[in-house]
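S.K.: Let me see the structure of the following:
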Amino acid sequence: IHNDDRFFDFGAIGGWKELQDDMAILPAAATRLVLDLGDSDPDESYSRVPYEKGFNLLCDLERMIGSDNFLSFTRAYLKKFASITVTSEEFHHFFNSHFEGSTAVSQVALKHFHWEQWLYGEGMPLCCDSKFDRTLSRDAEALAKEWIAYDEKDESVKGKPPSVNISEWTSPQKVCFLDAMM
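M.R.: Below is the predicted model of the structure:
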């Protein structure tokens with residue numbers, strides 16, 4: 001599990017599904033990373049959106065600048081902002097200023113990153129779950145599709161139900177199967 005990106009991506013796929021589920025039931029304004037709460041009770045806006053959309057923002061940033069550069073940024077960020085609260089705008093500014101003039105990171109990519117859409121845009125993030133390695137979810141999702149197709153067949157032509165040995169699957173893979181069935 002440790003040092004295996006497939007497990008990281010497998011967890012991210014589950015988070016992406018949870019984000020999609022929340023996006024489907026929330027009002028559009030509640031799907032932004034930066035919420036305008038006005039006089040509203042902050043507890044009323046609780047959802048997985050800030051966690052999962054924020055996670056995907058960080059993943060997108062890491063993909064854009066590379067893992068080593070992202071690690072360098074993270075260390076500098078934690079050093080500067082340890083034990084204090086940082087706004088989204090402060091994070092955005094610090095990220096850009098950290099790499100300003102850097103030859104290790106594409107200045108064009110930094111300039112054209114969609115910060116406004118990520119922070120204030122409604123709905124699903126610009127990136128998509130296809131960026132994640134589906135190796136560990138593929139079998140579970142395929143079996144779920146087989147069961148759904150079987151269930152939708154007319155009783156007179158159903159035949160034998162799908163049969164796959166899942167005894168070697170991890171618990172999260174079994175949960176992935178059950179989630180895909182829903």
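
S.K.: Against the centre of this structure, work out the most remote residue.
M.R.: In the chain, counting by C-alpha atoms, centre = their mean, Ser156 sits farthest out from the average C-alpha position, at 41.8 Å.

S.K.: and the gap between that one and Glu146?
M.R.: For Ser156, the distance to Glu146 equals 19 Å [C-beta to C-beta, to the nearest Å]. For every residue, glycine as well, the C-beta is placed using N, CA and C.

S.K.: pLDDT score assigned to the residue farthest from the centre of the chain?
M.R.: pLDDT for Ser156: 79.

S.K.: List the residues that contact it.
M.R.: Contact analysis of Ser156 by C-beta atoms under 8 Å, 6 or more residues apart in numbering lists nothing.

S.K.: what's the spacing between it and Val86?
M.R.: Distance from Ser156 to Val86, counting by C-beta to C-beta: 63 Å.

S.K.: Likewise for His112?
M.R.: His112 is 24 Å from Val86, by C-beta to C-beta.

S.K.: and these two? which has more neighbours close in?
M.R.: Remark: of His112 and Val86, Val86 carries more neighbours, 13 against 10, as counted by other C-beta atoms under 10 Å.

S.K.: How about the more buried one: what's its closest non-neighbour residue?
M.R.: Phe94 (7.6 Å; C-beta to C-beta, 6 or more residues apart in numbering).

S.K.: mean confidence for the helix or strand that neighbour falls within?
M.R.: Using DSSP states H and E, Phe94 falls within helix 88-99. Across helix 88-99, the average pLDDT comes to 96.
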